[in-house]
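S.K.: Next one to model:
(one chain, ligands or ions: 1)
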Amino acid sequence: MASIPEHHDVLVIGAGPSGAACAYWLAEAGWDVAVVERKHFPREKTCGDGLTPRAVRQLEDMGLGAGLDNAHRYDGLRACAFGSVLELPWPSHPSFPAYGYVITRHDLDQMVAEHAVKAGATLYQGVEAVSPLFADKASDAEPARAGAAGGAGGAGGAGAAGNVFRDGGRLPPCTGATVRDKESGQVRDIRARIVVVADGANSRFGRSLGTARNTSYPMGMALRGYFRSDRHEERFIESHLDIRDKSGAVVPGYGWIFPLGDGRVNVGVGVLSSAERWKGTNTSRLMDAFVDFAPRSWGLSDKSSCGAPTGGRLPMGLAVGPRTGPTTLLVGDASGSINPFNGEGIAYGYETGRLAASCVGRALAGEGGSALADYETRLQDAYGLYYKVARVFVKIINEPRLMRACVSTGMRSESAMGWLLRIMANLVRPDERGPAEIAYRSLVALARTLPDA
Ligand SMILES: Cc1cc2nc3c(=O)[nH]c(=O)nc-3n(C[C@H](O)[C@H](O)[C@H](O)COP(=O)(O)OP(=O)(O)OC[C@H]3O[C@@H](n4cnc5c(N)ncnc54)[C@H](O)[C@@H]3O)c2cc1C
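M.R.: Take a look at the predicted model:
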């Protein structure tokens, strides 16, 4: 006799920041949610390990403020370039704290995933989603019946174009996944009324649903390693804005040193690799050059290195789509939600996971597919214009002369750099008309008049 497939309200693919946050908010609201995660926690994830005030706010909202007590708290950013150094504390803001944390993803992701389980989510670790399941008929895709969200879309049509969301494609009606237990090799089907895809920057599962990246949008490449350092308890994270390629050109990116407070610092380089000139930039060489170039006082060397650096891709600015379908949503890096201004993705993973959970909850409660379609509107409300401004900024700094001019001008004025930090970390105050807010609103007004960047 064939076994009856497991069935849940929601299946989440991946338990990184976006999947775990989505699962937490859904479980907290009382929905039956299962998460499959191909690794076992605690697991390593290549990252700079930096949490900005936006990320801290999301963790605190999930009730995890106390869980951060043992993490290394820091007060702001030390920006270094062309011989100048500016210490920029996090600004005060009505919605976000004026501090951040540096915490390994090894510890952070386990904490959030366990929290989702405590809230009632079922977490399958060491279980990989290998292929999507589809409704036998489009009408079997449950939430779509109740809503006016439009057709089923299609894996082929939406994905191949390379410019997916301008085409307004939709994800196909996915109703679950065939999953494989990595240890036993056992394969089974998990079905759900709604599937949330949170499988990260490579997003194989997402791509098998027909998603693609808009290649005209910014894309980052970054590499990081750990080093032992006497300065591991510093209260400022450090960014070097004048890293150079082998020709001596200032690259559109930065080198970082983030103190972990446990004897180590996280050191890395990130470069925006989408512009033709920077495609194929050798990040290993950049990393070696940065380790040589970083202030001696950090004590970075082969001897203090804790192991070979590892790297990854950073899809930015909502570059991946389509992001909605009659039974499916994309969140976090799978949707390309990293902030192009600074390469931050953890906060946007938590935020998009939470936005998705609220739309999924509405869909399950009776609104159906229209609530899932509303996810795209909510994403655009939250990030649309901000990311458009960021994409224009990226186009400017891809030109080494302009990158150099921007950085050296900013470094001459602490207050100008403070405003820039506020804009780049998405911490502009809605309730104020200070210089950062005026500058940002002018940029938004300009971005509104431009065709999609
Ligand atoms: C070098 C580097 C440095 C970075 N530094 C920072 C930083 O300092 N601060 C910051 O905010 N952001 C940083 N980022 C970006 C940040 O790491 C990502 O934006 C963030 O991890 C996105 O979270 P996510 O949940 O969407 O994806 P992920 O964190 O990638 O999580 C996806 C999860 O899905 C699992 N998975 C994948 N496929 C499957 C499958 N088929 N079945 C089951 N499970 C699956 C994976 O194992 C993983 O656990 C950095 C990125 C890089 C590469």
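
S.K.: phi, psi of the residue nearest the centre of the chain?
M.R.: Taking CA atoms, centre = their mean, the centroid of the chain lies closest to Gly345, which sits 2.5 Å from it. Per-residue torsions, Gly345: phi -130, psi -20 (degrees, to the nearest 10).

S.K.: Check Glu87 too.
M.R.: phi -100, psi 120.

S.K.: wait, what's in contact with it?
M.R.: Under the criterion of CB atoms under 8 Å, 6 or more residues apart in numbering, the neighbours of Glu87 are 76-78, 236. To be clear about C-beta, it is placed using only N, CA and C from the backbone, and glycine gets the same treatment.

S.K.: same thing with Glu60?
M.R.: Here Glu60 is in contact with Pro97 (criterion: CB under 8 Å, 6+ apart).

S.K.: Run the chain-centre distance for whichever strand or helix holds it.
M.R.: Element membership of Glu60, judged by DSSP states H and E, is helix 53-61. For helix 53-61, the separation from the chain centroid amounts to 14 Å (computed by CA atoms, centre = their mean, to the nearest Å).

S.K.: Among the contacts of Glu87, which pair sits farthest apart?
M.R.: Largest separation among those by CB to CB: Gly76 and Arg78, giving 7.5 Å.

S.K.: For the residue nearest to the centre of the chain, which non-adjacent residue is closest in space?
M.R.: The spatial neighbour of Gly345 that comes closest, neighbours along the chain excluded (CB to CB, 6 or more residues apart in numbering), is Ile338 at 4.0 Å.

S.K.: wait, doesn't that neighbour sit right on Leu318?
M.R.: No - using CB atoms under 8 Å, Ile338 is not in contact with Leu318, being 9.2 Å away.

S.K.: What is the longest helix seen in the chain packed up against?
M.R.: Longest helix in the chain, counting residues (DSSP state H): helix 346-362. When contacts are defined as 3 or more CB pairs under 8 Å, 6 or more residues apart in numbering; DSSP states H and E, helix 346-362 packs onto helix 17-28, helix 53-61, strand 187-197, strand 328-330, helix 369-379.

S.K.: Give me the neighbour count for Thr381.
M.R.: Check again: residue 381 is Asp, not Thr. Burial of Asp381 is recorded as 11 neighbouring residues (other CB atoms under 10 Å).

S.K.: Asn282 now?
M.R.: Neighbourhood size, Asn282 [other CB under 10 Å]: 14.

S.K.: now do the one 5 residues further on
M.R.: Residues within reach of Met287, counting by other CB under 10 Å, total 21.

S.K.: Read off the pLDDT value for it.
M.R.: Met287 is assigned a pLDDT of 96 by the prediction.

S.K.: what number of residues lie near the closest residue to Ala129 other than its chain neighbours?
M.R.: Of all residues not flanking Ala129 in the chain, Ala177 sits nearest, at 3.9 Å (CB to CB, 6+ apart). Using other CB under 10 Å, Ala177 has 26 neighbouring residues.

S.K.: Could you give the bridge partners of Ala177?
M.R.: Under DSSP bridges, the beta-bridge partners of Ala177 are Pro132, Ile190.

S.K.: still on that earlier bit, is the ligand within reach of the longest helix of the chain?
M.R.: Yes - Helix 346-362 is in contact with the ligand by CB under 6 Å from any ligand atom, via 346-347, 349.

S.K.: Reformat those residues as a markdown table; add pLDDT and neighbour count.
M.R.: Shown next, in a markdown table, are the residues of helix 346-362 next to the ligand (pLDDT from 0 to 100; neighbours: other CB atoms under 10 Å):
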| residue | pLDDT | neighbour count |
| --- | --- | --- |
| Ile346 | 98 | 30 |
| Ala347 | 98 | 25 |
| Gly349 | 98 | 30 |
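
S.K.: if we can go back for a sec, out of the helices and strands packed on helix 346-362, which gets nearest to Glu6?
M.R.: Of these, nearest to Glu6 by CB to CB is strand 187-197, at 4.9 Å.

S.K.: Now do the buried residues in the closest one.
M.R.: By neighbour count on 16 or more other CB atoms under 10 Å, the buried set for strand 187-197 is 189-197.

S.K.: list the contacts for Leu26?
M.R.: Applying CB under 8 Å, 6+ apart, we find Leu26 in contact with 9-10, 12, 33, 121, 357, 360-361.

S.K.: coming back round to it: okay, the helices and strands packed on helix 346-362, which one's buried deepest?
M.R.: Of the helices and strands packed on helix 346-362, the one with the most neighbours on average (mean count of other CB atoms under 10 Å) is strand 328-330, at a mean of 31.

S.K.: any idea how far it is from the chain center?
M.R.: 15 Å.

S.K.: list the helices and strands it packs on?
M.R.: Counting by 3+ CB pairs under 8 Å, 6+ apart, strand 328-330 packs on strand 187-197, helix 346-362, helix 369-379.

S.K.: So is that strand next to the ligand?
M.R.: No - Strand 328-330 is not in contact with the ligand by CB under 6 Å from any ligand atom; minimum separation 9.4 Å.

S.K.: Now tell me what touches that strand from outside.
M.R.: Contact partners of strand 328-330, identified using CB under 8 Å, 6+ apart, comprise 171-174, 194-198, 203, 206, 209, 211, 320-324, 356, 359-360, 372, 375.

S.K.: Buried residues of stretch 288-295, list them for me.
M.R.: Burial within stretch 288-295, assessed by neighbour count using 16+ other CB under 10 Å, is assigned to 289-291, 294.

S.K.: now do stretch 28-39
M.R.: Quick answer for stretch 28-39 (16+ other CB under 10 Å): 28-29, 31-39.

S.K.: With respect to the ligand, which of the buried residues of stretch 288-295 is nearest?
M.R.: Ranked by distance to the ligand (CB to the nearest ligand atom), those are led by Phe290 at 12.8 Å.

S.K.: Now do the same for the closest one: its pLDDT.
M.R.: For Phe290, the pLDDT comes out at 95.

S.K.: same question, Phe165
M.R.: Predicted confidence (pLDDT) for Phe165: 47.

S.K.: for Val271, same thing?
M.R.: We have a pLDDT of 93 for Val271.

S.K.: number of nearby residues for it?
M.R.: 25.
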